[in-house]
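**Student:** coordinates only, sequence not included:
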């Protein structure tokens with residue numbers, strides 16, 4: 001990585017090594033453009049009616065299309081991820097559960113982008129709560145008609161009254177295994193954790209009171225029975241179908257510190273990442289009508305309240321999946337890093353996304369044309385699979401590369417520090433100068449010291465002790481100063 005600068009090692013260059021210009025190379029991978037996935041060159045939707053909604057909602061509400069799509073995809077799975085299963089082979093099944101992380105700095109419009117999808121699911125919950133209460137009332141009436149009160153009848157009525165306050169759910173915010181287990185056990189159709197800030201969910205794993213959330217969640221990525229048996233529970237809780245979707249917002253620093261640091265537990269590789277560049281402010285619009293989203297969710301929720309349905313791949317979809325696995329995913333798997341770990345999950349996750357897209361588009365089409373009453377195909381079609389593969393090729397794999405192959409925080413902060421120093425021509429400085437006068441994003445003195453250590457390592461600066469009081473002072477490599485000045489002159493020309 002060392003790029004030598006030709007100069008005599010005498011005079012002001014004496015005793016200075018050639019600077020390593022690694023920090024001046026473009027280290028950040030290009031951000032994939034989600035909006036380009038929505039339509040082709042002719043304006044035709046590539047993701048069906050779902051894509052049309054995302055395009056209209058992003059443009060009409062001045063919100064990032066990426067985050068809108070993420071929240072719709074994540075939330076809708078809570079309506080059916082226990083009853084809709086992709087059957088790839090006789091013994092390889094994938095539930096329609098997705099783990100989605102919306103990555104972005106504060107005020108990047110992550111939360112408002114998810115409002116409509118969360119509200120649509122909440123409306124669906126209101127419907128099943130009303131149905132639940134009608135059932136309780138009917139059972140209570142049957143007991144009252146059964147004859148005069150006796151201890152058994154009174155106990156049964158008391159149990160029904162307790163059950164009244166525990167209707168089935170689709171969305172959960174509480175991430176303690178005990179609460180999730182109780183709620184999921186009485187929610188036979190689907191379950192999704194929706195968090196406006198996922199850092200709290202990930203931090204809770206270290207607390208005994210919160211219980212081991214991450215092992216619980218990892219088991220819920222697949223499908224099977226699961227039992228939570230803890231001292232603070234009256235009795236063990238068994239979830240016959242432990243399936244869990246997750247969708248939430250998280251800041252880039254928290255991805256590094258809470259998901260990527262420490263031992264690899266397989267959690268981050270299961271997520272699909274939505275991380276757009278910040279959307280610039282635009283003039284206010286009138287907004288848009290989201291009733292089609294709410295109607296689609298209501299239709300899908302009603303369909304999801306059923307016995308388990310297995311969706312087989314059509315013959316051409318099976319051939320397409322095999323070709324994509326062997327030619328696109330296989331080259332990534334040999335690296336044995338986190339990116340390869342994510343790609344190893346994608347051969348199953350792509351069928352989940354295809355199934356979710358198929359159900360979503362069916363719901364939107366039924367909402368737009370209720371008179372047609374077209375049933376939902378119980379096969380994953382070639383069209384749905386190709387749409388999902390396109391999302392992985394052009395968005396999810398590039399985003400995973402961006403997340404997993406990103407540089408350490410000390411490197412990114414070092415790049416900001418040296419650019420600040422050169423731009424402002426502060427060729428001698430102390431660490432505290434940045435804490436007082438700049439806004440480079442360092443959280444504390446330790447982070448700035450780590451960044452300065454990186455600059456010393458790359459021969460961009462060195463320590464001096466010219467200041468009184470013994471505080472460390474640093475000076476910039478004069479070879480770097482001259483190189484930077486030459487680059488500036490070349491740009492002006």
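**Tutor:** Now that the structure is in, tell me what you want to look at. Worth saying up front: this structure is predicted, and the values here are computed from it rather than measured.
**Student:** quick one: buried residues of the biggest helix by length in the chain?
**Tutor:** Longest helix in the chain by number of residues, with DSSP state H as the criterion: helix 110-145. Buried positions in helix 110-145, judged by neighbour count with 16 or more other Cβ atoms under 10 Å: 110-111, 113-114, 116-118, 120-121, 124-125, 128, 132, 136, 143. Every residue, glycine included, has its C-beta placed from N, CA and C.
**Student:** Let me know the average pLDDT across the following helix or strand past it.
**Tutor:** Downstream of helix 110-145, the first helix or strand assigned by DSSP states H and E is helix 151-164. Throughout helix 151-164, pLDDT has a mean value of 83.
**Student:** what do you get for stretch 76-96?
**Tutor:** 97.
**Student:** Quick one: distance of that stretch to the chain centre.
**Tutor:** Its chain's average C-alpha position is 20 Å from that of stretch 76-96, according to Cα atoms, centre = their mean, to the nearest Å.
**Student:** What's the end-to-end length of it?
**Tutor:** In stretch 76-96, first residue to last residue: 10 Å (Cα to Cα, to the nearest Å).
**Student:** ok, now stretch 266-286?
**Tutor:** Terminal residues of stretch 266-286 lie 43 Å apart, using Cα to Cα.
**Student:** Distance from the chain centre to stretch 328-338, please.
**Tutor:** Using Cα atoms, centre = their mean, the distance from the centre of stretch 328-338 to the centre of the chain it belongs to is 21 Å.
**Student:** any idea which element the closest residue in space to residue 197 that isn't next to it in sequence lies in?
**Tutor:** Leaving out its chain neighbours, the residue that sits closest to residue 197 by Cβ to Cβ, 6 or more residues apart in numbering is residue 249, at 5.9 Å. According to DSSP H and E, residue 249 maps onto strand 245-250.
**Student:** residues touching residue 325, list them.
**Tutor:** By Cβ atoms under 8 Å, 6 or more residues apart in numbering, the contact set of residue 325 is residue 347.
**Student:** is it fair to say it lies in a helix?
**Tutor:** Yes: counting by DSSP: H, G, I helix; E, B strand; the rest coil, residue 325 is found in a helix.
**Student:** which residues in the protein form strands?
**Tutor:** 84-89, 92-95, 99-103, 171-172, 192-195, 226-228, 237-239, 245-250, 271-274, 309-313, 379-380, 428-430, 461-464, 473-476 (DSSP state E).
**Student:** And residue 448, how far from residue 40?
**Tutor:** Distance check for residue 448 against residue 40: by Cβ to Cβ, to the nearest Å, it reads 48 Å.
**Student:** okay, these two: which has more neighbours?
**Tutor:** The residue with more neighbours, out of residue 448 and residue 40, is residue 448; 23 against 10, by other Cβ atoms under 10 Å.
**Student:** so that one makes contact with residue 417?
**Tutor:** Yes: with contacts counted by Cβ atoms under 8 Å, residue 448 reaches residue 417, the gap being 7.3 Å.
**Student:** residues bridging contact with the two, i.e. touching both?
**Tutor:** With Cβ under 8 Å, 6+ apart, residue 448 and residue 417 have common neighbours residue 434.
**Student:** Which residues does stretch 424-438 contact?
**Tutor:** Applying Cβ under 8 Å, 6+ apart, the contact partners of stretch 424-438 are 417, 420-421, 440, 442, 445, 448-449, 452, 464, 466-467, 471-476, 481.
**Student:** Buried residues in that stretch, which are they?
**Tutor:** By neighbour count with 16+ other Cβ under 10 Å, stretch 424-438 contains the buried residues 429, 431, 433-434, 438.
**Student:** Number of residues surrounding residue 321?
**Tutor:** Residues near residue 321, counting by other Cβ under 10 Å, number 21.
**Student:** and the gap between it and residue 312?
**Tutor:** Computed as Cβ to Cβ, the residue 321 to residue 312 distance reads 12 Å.
**Student:** Could you tell me which ranges of this structure sit under the pLDDT cut-off?
**Tutor:** Low-confidence segments of the chain, defined by pLDDT under 70: 1-10, 25-29, 146-149, 204-211, 230-234, 406-407, 437-438, 465-470, 491-493.
**Student:** which non-adjacent residue is nearest residue 133?
**Tutor:** Once flanking residues are discounted, residue 133 sits nearest to residue 164: 6.3 Å by Cβ to Cβ, 6+ apart.
**Student:** Isn't the one you found up against residue 130?
**Tutor:** No: counting by Cβ under 8 Å, residue 164 does not reach residue 130; the two are 11.8 Å apart.
**Student:** got the contact list for residue 84?
**Tutor:** Listed by Cβ under 8 Å, 6+ apart, the contact partners of residue 84 are 95-96, 304, 308-309, 311, 355, 359.
**Student:** right, and residue 476 touches residue 421 too?
**Tutor:** Yes: look at residue 476 against residue 421 with Cβ under 8 Å: they come within range, at 6.1 Å.
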